[in-house]
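Student: output the structure for:
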Amino acid sequence: MGLREITINKLRIRFSIKLFVIFTLLTALLTTLLTILYISSEIRDKRAAYGEKAQILATNLAENARLPLYAENREMLMLLTMDAMRQPEINSVVFTTVDGRVLADFHRHKNVTGSELISKTVEVRSDPLGASADTFISGDSSNTRALIGHVRLDLAPAGLAQLPRNTALKAFSIAFGFWVMVAAIAYAGLRKATHSFEKLMKGIETMRAGNFAARIDVEDEDEPGRAAQAVNELAATLQERDRENARLHEELVNALRLEVQEEKKQLMAKLIQTNRMTSLGLLASSMAHEINNPNGSIRLANQYLSRAFHDSLPLLQRISDEEGDFNLGGIPFSSAATEIAESFATINRSTERISHVIKDLRAYSLGEHNDFVDAVDINKVVTGALTIVRSHGMYSGMTLLSDAEENLPLVTGSQHQLEQVLINLIMNAIQATHHNKGKVVVHSCFDRANCQVCVSVSDEGEGISPENLNQLVEPFFSTRIDNGGSGLGLFVSNYIITAHKGKLDFTSTPGAGTTVTIRIPASTVATPQE
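Tutor: Just a heads-up that it's a prediction; the model follows:
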């Protein structure tokens, strides 16, 4: 971009130049129009003045030439003409009769054009001989005077041909001088009037560049001055906003740093926890193998002893019949037979459960999936869990109640896994009571609104504090670590219920007890009644 283009752009941008150009153009247009009107009026007035003069001269000639013209005295007419030609402005005089005959014709200059002449023709009439009544009443005596002839006078004033040019040159010279003077005054006035605007624009440009510390000097209390004050206040507000933004940015950076550090700590804790879970999985797999062998041996021995007892039962019955009742294992034989048979069944059921638990441990540690069935009766799960818990003699001081709703819909899942979860919840409820004495209620029902089968375990224990409710299902978290808690019971239970597409809900009142509810979607297969 050249210097000329830069200058043009600056002129376009400056407000004062724009105003000056507009004002000067309007002034020039108005001055031109006024000048043209003046020239037209001046030429018209000049020609009108010459026309009046020619009319007066022609009228005087007509008055003096009445008798010579009537007598057709050419010499007298020429004398009158020569006398009139003493006026240097008269170019020609022509006398004609009524019938158009020229009696006298004198031209000073033959080559004068029509634009340089002002011609006037006047009638020559005789003196009035008398007046009629109408003429006397109206006062018009023109009708009583006889027409003798005509006199035509051509006036050629000096400079008439140059009158338009001279008048235009003079008028435009004056108009140009006036326009230059007005433009100079206007430029000075606009410079003074727009000085405040220029300062205002410079200040705004500086602030737009980001320098909100700049201020505009206010000289007058006019509109630009008030605008400058408003801009200064706005700049102060923006400067304060920048300080506040800088402070907030610094606080945000510090907060992000702390958050990153906290997140780093959490990630390290999760990494440590993942490592512990990996080790736990390997340990669980090893323990499952170590437990599974003796559990198999116990099952085989129980089967052998059960068959042996059943085989010897007729012999023992005959001895009891012949010799009377006797003690067997410290219990009368009449009662021992039933107790021993139930003990064999309990051992078989417990070893089978141990086998299922070991299978679940292996599946969890190896990432395998358990096979779910579509027809699991929750009430049977509740009955089985309560039977296993009641078989522990150490909880004889507890009251375990079952409040089961009949004909619950079936659910899809694993019965022994659900029993494991329910046993864990019942054991936690028992351990939450004072000295393992109190009441635990297991309630099952159907939530029709959400199409869920629910099992809740309620105790009258010490309850759980609100800050611990959200951490109950986290691994290795337990409020009874000092009493042998591992922090894995609820974690594994939540894992199992989640695998069943359900959830665990915890509600607790410190000092009044806790209720844990299992919610599992109902199966669409059938209900127990069906």
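Student: pLDDT weak spots in the stretch 201-350 of the chain?
Tutor: Within the stretch 201-350 of the chain, the set of residues satisfying pLDDT under 70 comprises 210, 212, 216, 218-225, 228, 267-290, 329.
Student: okay, helices next: where are they in it?
Tutor: With helices called from DSSP state H, counting those that start in this stretch, the stretch 201-350 of the chain shows them at 223-323, 333-366.
Student: include mean neighbour count when you put these into TSV, please.
Tutor: (Each C-beta comes from the backbone N, C-alpha and C, glycine too.) Output for the helices of the stretch 201-350 of the chain, formatted as TSV (neighbours: other CB atoms under 10 Å):
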stretch	mean neighbour count
helix 223-323	13
helix 333-366	16
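Student: let me have the ones you listed in CSV, extended by distance to Ser402.
Tutor: Shown next, in CSV, are the helices of the stretch 201-350 of the chain (distance: least, CB to CB, whole Å):
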stretch, distance to Ser402
helix 223-323, 28
helix 333-366, 19
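Student: so which of these gets nearest Gln471?
Tutor: helix 223-323 (12.8 Å; CB to CB).
Student: separation between Arg191 and Thr27?
Tutor: Arg191 sits 16 Å away from Thr27, going by CB to CB, to the nearest Å.
Student: ditto for Thr507
Tutor: Distance from Thr507 to Thr27, by CB to CB: 91 Å.
Student: what does Arg241 give?
Tutor: Counting by CB to CB - Arg241 and Thr27 are separated by 47 Å.
Student: out of the helices of the stretch 201-350 of the chain, the one nearest Ile39 is which?
Tutor: helix 223-323 (42.0 Å).
Student: packing partners for the closest one?
Tutor: Where contact means 3 or more CB pairs under 8 Å, 6 or more residues apart in numbering; DSSP states H and E, helix 223-323 is packed against helix 163-208, helix 333-366.
Student: summarise which helices and strands the first one is packed against.
Tutor: When you say that, I think you mean helix 163-208. helix 15-64, helix 223-323.
Student: quick one: that helix to chain centroid distance?
Tutor: Per CA atoms, centre = their mean, to the nearest Å, the displacement of helix 163-208 from the mean C-alpha position of its chain is 47 Å.
Student: likewise stretch 508-523?
Tutor: Put simply, stretch 508-523 sits 46 Å off its chain's centre (CA atoms, centre = their mean).
Student: Validate this expectation: Ala158 resides in a strand.
Tutor: No. Counting by DSSP: H, G, I helix; E, B strand; the rest coil, Ala158 is not part of a strand but coil.
Student: and it, how many neighbours does it have?
Tutor: For Ala158, the count of nearby residues is 9 (other CB atoms under 10 Å).
Student: any stretches of the stretch 1-150 of the chain with poor pLDDT?
Tutor: Within the stretch 1-150 of the chain, the stretches with pLDDT under 70 are 1-16, 110, 112-115, 128-144.
Student: turn the helices and strands packed on helix 223-323 into JSON lines, columns for distance to Val373.
Tutor: Formatted as JSON lines, the helices and strands packed on helix 223-323 follow (distance: least, CB to CB, whole Å):
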{"stretch": "helix 163-208", "distance to Val373": "75"}
{"stretch": "helix 333-366", "distance to Val373": "13"}
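Student: using the three-state scheme, assign Val453.
Tutor: Here Val453 is strand, with the state taken from three-state DSSP.
Student: isn't it right up against Ala522?
Tutor: Yes. Counting by CB atoms under 8 Å, Val453 touches Ala522, with 5.3 Å between them.
Student: out of the helices of the stretch 201-350 of the chain, nearest to Arg390?
Tutor: helix 333-366 (10.9 Å).
Student: and the angle for the closest one with helix 223-323?
Tutor: Angle of helix 333-366 versus helix 223-323, following axes from the mean of the first three to the mean of the last three CA atoms, to 10 degrees, is 150 degrees.
Student: packing partners for helix 333-366?
Tutor: Judged by 3+ CB pairs under 8 Å, 6+ apart, helix 333-366 is in contact with helix 223-323, strand 327-328, helix 378-390, helix 415-432.
Student: may I have the next helix or strand after the third one as PDB, with CA atoms only?
Tutor: With elements assigned by DSSP states H and E, the helix or strand that comes after helix 378-390 is strand 398-404. Once non-C-alpha atoms are left out, strand 398-404 reads as follows in PDB (Å, rounded to 0.1, in the frame of the first residue of the first chain):
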ATOM      1  CA  MET A 398     -30.800 -63.800  68.500                       C
ATOM      2  CA  THR A 399     -34.400 -63.800  67.300                       C
ATOM      3  CA  LEU A 400     -34.500 -64.300  63.500                       C
ATOM      4  CA  LEU A 401     -37.900 -63.500  62.000                       C
ATOM      5  CA  SER A 402     -39.100 -64.000  58.500                       C
ATOM      6  CA  ASP A 403     -41.900 -61.800  57.000                       C
ATOM      7  CA  ALA A 404     -42.300 -63.200  53.500                       C
END
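Student: what residues of strand 398-404 count as buried?
Tutor: 398, 400 (16 or more other CB atoms under 10 Å).
Student: whichever helix or strand comes after it - contacts with which helices or strands?
Tutor: The first helix or strand that comes after strand 398-404 along the chain, using DSSP H and E, is strand 411-413. Applying 3+ CB pairs under 8 Å, 6+ apart, one finds that strand 411-413 makes contact with strand 373-376, strand 513-521.
Student: now with 7 Å, please.
Tutor: Judged by 3 or more CB pairs under 7 Å, 6 or more residues apart in numbering; DSSP states H and E, strand 411-413 is in contact with strand 373-376.
Student: neighbouring strands of the strand it packs on in the sheet, and parallel or not?
Tutor: Strand 373-376 sits in its sheet next to strand 411-413 (antiparallel), going by DSSP bridges.
Student: let me see the mean pLDDT of the strand it pairs with.
Tutor: Model confidence over strand 411-413, given as mean pLDDT, is 90.
Student: in it, what's buried?
Tutor: Applying 16+ other CB under 10 Å to strand 411-413 flags 411-413 as buried.
Student: ok, Gly149 touching Phe95?
Tutor: Yes. Counting by CB atoms under 7 Å, Gly149 touches Phe95, with 6.4 Å between them.
Student: tell me, what's touching the two both at once?
Tutor: Common contact partners of Gly149 and Phe95 (CB atoms under 7 Å, 6 or more residues apart in numbering): Leu69.
Student: who has more neighbours, the two?
Tutor: The neighbour count for Gly149 versus Phe95, taken as other CB under 10 Å, is higher for Phe95 (27 against 23).
Student: which strand or helix spans the more buried one?
Tutor: Element membership of Phe95, judged by DSSP H and E, is strand 90-97.
Student: residues contacting that strand, please?
Tutor: Residues outside strand 90-97 that contact it (CB under 7 Å, 6+ apart) are 57, 61, 65, 69, 72, 77, 81, 84, 102-109, 112, 117, 149-156.
Student: that one vs helix 15-64, what angle?
Tutor: Orientation of strand 90-97 against helix 15-64 (the same axes, to 10 degrees) gives an angle of 40 degrees.
Student: with just CA atoms, put strand 90-97 into PDB.
Tutor: C-alpha atoms of strand 90-97 as PDB (Å, rounded to 0.1, in the frame of the first residue of the first chain):
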ATOM      1  CA  ILE A  90     -27.900  54.100 -30.800                       C
ATOM      2  CA  ASN A  91     -26.900  51.900 -33.600                       C
ATOM      3  CA  SER A  92     -29.700  52.500 -36.100                       C
ATOM      4  CA  VAL A  93     -33.000  54.500 -36.700                       C
ATOM      5  CA  VAL A  94     -35.600  53.600 -39.300                       C
ATOM      6  CA  PHE A  95     -38.800  55.600 -40.100                       C
ATOM      7  CA  THR A  96     -41.600  53.800 -42.000                       C
ATOM      8  CA  THR A  97     -45.000  54.900 -43.200                       C
END
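Student: what about it, distance to the chain center?
Tutor: Centroid displacement of strand 90-97 relative to its chain, using CA atoms, centre = their mean, is 95 Å.
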